[in-house]
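1. Next come a sequence and a model predicted from it.
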Amino acid sequence: MRELFGRLLGGWKDMTGNGKFMVLLLGSLLYLWGIRGRGTGLSVRQPGERRALPGDLLLQYTTLFLALILFPPAAILLDWYQTRFYDFGWMIALLPMTLTIAYGATRAVTDCYEKYCQESVWKTAGLAAMALAVLLLCGNLDTERQWLDNGSFSESFSGSGQVMTEEEKQIEALAVLEYLEENGAAEDVCLWAPALVLDYIRRTDGSVRLLYGRNMWDEALNAYSYDSYPQKLREAYAWMEESASYLQNQGGSAEIGTALEESVHAALDGGVNVIVLPWERGEDDGGIPDALTAAVRRLGYEVTVGKDWGYYFFRIGS
Amino acid sequence: MELLLWLWVILVPFLLGKGAMRILYRKEDRACPDRGNAGSGFWCCALCTGLCLEICFMEAAHLAAVFWDCSLTRIAWCWGAVCFLCALLSLCRELVPLWRKRKRKFRRGGRRGNALQGSARRGKVLQESGRERKDGQEPPYTGAQQFLVIVFGLSVLLQLVLLLSGRIVWWDGDMTLETVQSFLHTDAVYRVNPLTGGAYEAGMPLRVRILSLPSLYASLCRLFSVSPLLVIGKVIPAAVLMAAYCVYGELGKALFPEDRSKRWIFLLIVSILIWAGDYRTEMDGFQLLHCGYRGTAIRAGILLPGTLCMCLRGRWKTVLLCIAAEACMVWTFYGLGACLLTAALYGLVCLINRWRRKRGGRA
């Protein structure tokens, strides 16, 4: 029971943290019940009419649903019904929030207009402005926009904390694909590159295989598959991100040694035939590209190195 | 081909739904002829029915691909052919009687007297029929109502422009685009891991494999030779947003049947709530503006309000279709589905009302 209350409270806080639509919903319900109780509007029914009015039914439905979510025994049942997989934020989101708030707000605005503002255009304009302000202030036009402007990487993505917009990520992926196509390496590619490149590759071209996918840094995607990455691939990912950050002047370190050898070994075992590294530091690259080339050659593979679009391309042949 | 895609997305659900409604509601519409009018939620019901049928048809094709290894091209063409033929039949069913009616009117006008008299009579007949049509309609829009319509239209237009720019799509935690690209590349369904392009090692959950939305998008890409980014990032979100407004428009008609101004104010407030309500991923505004391609957005924007609308209108067969459509898209993540829960709670509300009326009658 304590755990249930905790989850319920957590879901409620989540839904009321950034915006106040729950407050608007409760306000709408209070207003609609209030005018219903006064015998006006909702409860008016013609003689002989068998069904309740749609507004009445919506009000009762929303109130019942909200009561079930907030009433613990019913909340347990709803929790089991949705297989206990998601938190109560999603359950609360199933309420007809937009519909009920819009209905309540429409009734409130039109009732105020009919009572106080019919004679004056200025009063009508003031009422409209106030209603608009309440609706906009209870929401938030800006929060998610910051996420979108700053890119959508999770915080666990890279030690450098680099973020990019979706457009920038797409440009990086397109640049790599264009180079591969121009240099006759577009067939049967298995790619190992920094996450900022890999993020958009398979969204742009389904023929390119990757050493690891977006679920390496976007944990939510692991729900779609039973596959998981072995430890050596995770270490290869960590090495790639550290080196990419260093080569992009974003921090990180130029680690050459056993980590590099093991990562290259894991990549080649995974079938990688193209490795991509950023090329922004120019000559001051910490010796990473040379060390990588040497490591691949030590394992018995041929390497052709190219530079374009701000990246090193290591094409590996047997 | 993009134009054809847009025409498909806009027209086929309506036509399919209209045809299906003639079959599903034949008995009810004969008993109550007003149910077939626009004022009784007919168009919204047609849209919901058509969308649900498209999804259900695709589910059948998708299961064939998953369990019987049918290729994507084959299931795309089968699904496309079924939907197109049904829509075409429905269109013919609508157009043929209209054409016959017109032909009869012109024939009546042309046979009696010379061409001038005939055309004058034709004009009179058309005028009279126009006058007859006008009697059943609402009065023209007032200035204030026109203002409301314009403001609402501008708001929706701005939302569509943002959606069609493709710059506000939220891709996190979702791999629909990779999945569709994989389907198109391999011409098969779930043969490779969409995230890596390699073979599955441990496989994927059946509850995810049986969901048909990626196959639907891949089929549209295959049929119309368009890029998945266009379909998933722009066309589908725009279509879902417009369909959501259709459903909310119908809800407005149900809630404010006598007052047109209130209906437009209601729609305007819905639009504002969508703008302002994108502060959390679970909110309707976020789903419709940033994730319109996802099953959860289609459920939040169309199926759930559509289920409520159909419950209010008494269109129970369409409610069943909404429940089935949700099951084909997202249900395995949420138990038995939110539409079923909605319909069940609505039924409970009706039962409580009936019990109270009986108690009130006995008292």
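-> Arrived safely.
2. What's the local residue count around residue A:28?
-> 23 (other CB atoms under 10 Å in any protein chain shown). Placement of C-beta: from N, CA and C, glycine included.
3. any idea how far residue B:46 is from it?
-> Residue A:28 sits 30 Å away from residue B:46, taking CB to CB, to the nearest Å as the criterion.
4. repeat for residue B:161
-> For residue B:161 relative to residue B:46 (CB to CB), the value is 27 Å.
5. and the two? which has more neighbours close in?
-> residue B:46 (23 against 10).
6. how close does that one get to residue B:246?
-> Taking CB to CB, one finds residue B:46 at 10 Å from residue B:246.
7. now residue B:105
-> For residue B:105 relative to residue B:246 (CB to CB), the value is 32 Å.
8. More neighbours: those two, which one.
-> Taking other CB under 10 Å, residue B:105 and residue B:246 do not tie; residue B:246 has more neighbours (20 against 14).
9. And the pLDDT for that one?
-> We note a pLDDT of 92 for residue B:246 in this prediction.
10. can you give me the helices for the stretch 251-363 of chain B?
-> Assigned by DSSP state H, counting those that start in this stretch, the helices in the stretch 251-363 of chain B fall at B:260-276, B:284-290, B:295-298, B:304-313, B:316-329, B:338-362.
11. repeat for chain A
-> Residue ranges of the helices in chain A, as given by DSSP state H, are A:2-17, A:21-37, A:54-70, A:72-81, A:88-93, A:97-112, A:121-138, A:143-149, A:166-182, A:195-204, A:231-247, A:258-269, A:288-298.
12. tell me how far the helix or strand where residue B:76 lies is from the chain's mean position?
-> Per DSSP states H and E, residue B:76 falls inside helix B:72-111. Its chain's average C-alpha position is 20 Å from that of helix B:72-111, according to CA atoms, centre = their mean, to the nearest Å.
13. got the buried residues for that helix?
-> By neighbour count with 16 or more other CB atoms under 10 Å in any protein chain shown, helix B:72-111 contains the buried residues B:72, B:75-76, B:78-80, B:82-83, B:86-87, B:90-91, B:109.
14. same question, stretch A:127-142
-> A:127-128, A:131, A:134-135, A:138-140.
15. When you compare pLDDT across the residues you listed, which one is lowest?
-> residue A:140 (65).
16. near chain B, which of the buried residues of stretch A:127-142 show up?
-> A:131, A:135, A:138-140 (CB under 8 Å from any CB of the partner chain).
17. List just the nearest of those residues to chain B.
-> Chain B has its nearest neighbour among these in residue A:139, at 2.5 Å by CB to the nearest CB.
18. so who does the closest one touch?
-> A:19-21, B:273, B:275-279, B:285 (CB atoms under 8 Å, 6 or more residues apart in numbering or on different chains).
19. Name the nearest residue to it, ignoring sequence neighbours.
-> residue B:276 (2.5 Å; CB to CB, 6 or more residues apart in numbering or on different chains).
20. how far away is the one you found from residue B:269?
-> For residue B:276, the distance to residue B:269 - CB to CB - is 10 Å.
21. Now for those two: what residues contact both?
-> residue A:135.
22. And the pLDDT for whichever residue of the stretch 101-250 of chain B sits closest to chain A?
-> Ranked by CB to the nearest CB, the top residue of the stretch 101-250 of chain B for proximity to chain A is residue B:195, at 2.7 Å. As predicted, residue B:195 sits at a pLDDT of 91.
23. One more: the one 10 residues further on?
-> According to the prediction, residue B:205 has pLDDT 85.
24. tell me the contacts of it?
-> Taking CB under 8 Å, 6+ apart as the test, what residue B:205 contacts is A:224-226.
25. Need the buried ones from those residues selected in ChimeraX.
-> To isolate the buried members of the contacts of residue B:205 in ChimeraX, using 16+ other CB under 10 Å:
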select /A:224,225
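26. Keep the contacts of residue B:205, but drop any that are not near chain B.
-> Answer for the contacts of residue B:205 near chain B (CB under 8 Å from any CB): A:224-226.
27. want to throw those into TSV with pLDDT?
-> Listed next are the ones next to chain B among the contacts of residue B:205 as TSV, based on pLDDT from 0 to 100:
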residue	pLDDT
A:224	83
A:225	83
A:226	86
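28. of all those, which comes closest to chain B?
-> residue A:226 (3.7 Å).
29. That closest one: what's it in contact with?
-> Neighbours of residue A:226 in contact, by CB under 8 Å, 6+ apart: B:202-205.
30. Most neighbours among those residues, which one?
-> residue B:204 (16 neighbours).
31. what about it, distance to residue B:189?
-> Relative to residue B:189, and taking CB to CB, residue B:204 is found at 11 Å.
32. follow-up on the earlier one: as CSV, the contacts of residue B:205 with distance to residue B:157 would be great.
-> Formatted as CSV, the contacts of residue B:205 follow (distance: CB to CB, whole Å):
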residue, distance to residue B:157
A:224, 36
A:225, 40
A:226, 45
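33. I'd like to know which of the contacts of residue B:205 is nearest to residue B:227.
-> Closest to residue B:227 out of the contacts of residue B:205 is residue A:224 (22.5 Å), distances taken as CB to CB.
34. show me the contacts for the closest one.
-> The contact partners of residue A:224, by CB under 8 Å, 6+ apart, come to A:215, B:175, B:204-205, B:208.
35. could I get these as a markdown table with distance to residue B:251?
-> A markdown table is the format used below for the contacts of residue A:224 (distance: CB to CB, whole Å):
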| residue | distance to residue B:251 |
| --- | --- |
| A:215 | 39 |
| B:175 | 33 |
| B:204 | 37 |
| B:205 | 35 |
| B:208 | 32 |
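36. Narrow these to those in helices?
-> residue B:208.
37. Among the contacts of residue A:224, which one sits closest to residue A:121?
-> residue B:175 (53.2 Å).
38. which residues touch residue B:254?
-> Contacts of residue B:254 (CB under 8 Å, 6+ apart): A:54, B:41, B:309, B:312-313.
39. which residues touch the closest residue in space to residue B:300 that isn't next to it in sequence?
-> Nearest non-adjacent residue to residue B:300, counting by CB to CB, 6+ apart: residue B:287, 4.7 Å away. Residue B:287 makes contacts with B:281, B:294, B:296-297, B:300-301, as judged by CB under 8 Å, 6+ apart.
40. Out of those residues, which end up buried?
-> Looks like the contacts of residue B:287 have B:281, B:294, B:296-297, B:300-301 buried, using 16+ other CB under 10 Å.
41. pLDDT added to the residues you listed, as JSON lines?
-> Below are the buried ones among the contacts of residue B:287 laid out as JSON lines (pLDDT from 0 to 100):
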{"residue": "B:281", "pLDDT": "80"}
{"residue": "B:294", "pLDDT": "92"}
{"residue": "B:296", "pLDDT": "89"}
{"residue": "B:297", "pLDDT": "92"}
{"residue": "B:300", "pLDDT": "91"}
{"residue": "B:301", "pLDDT": "93"}
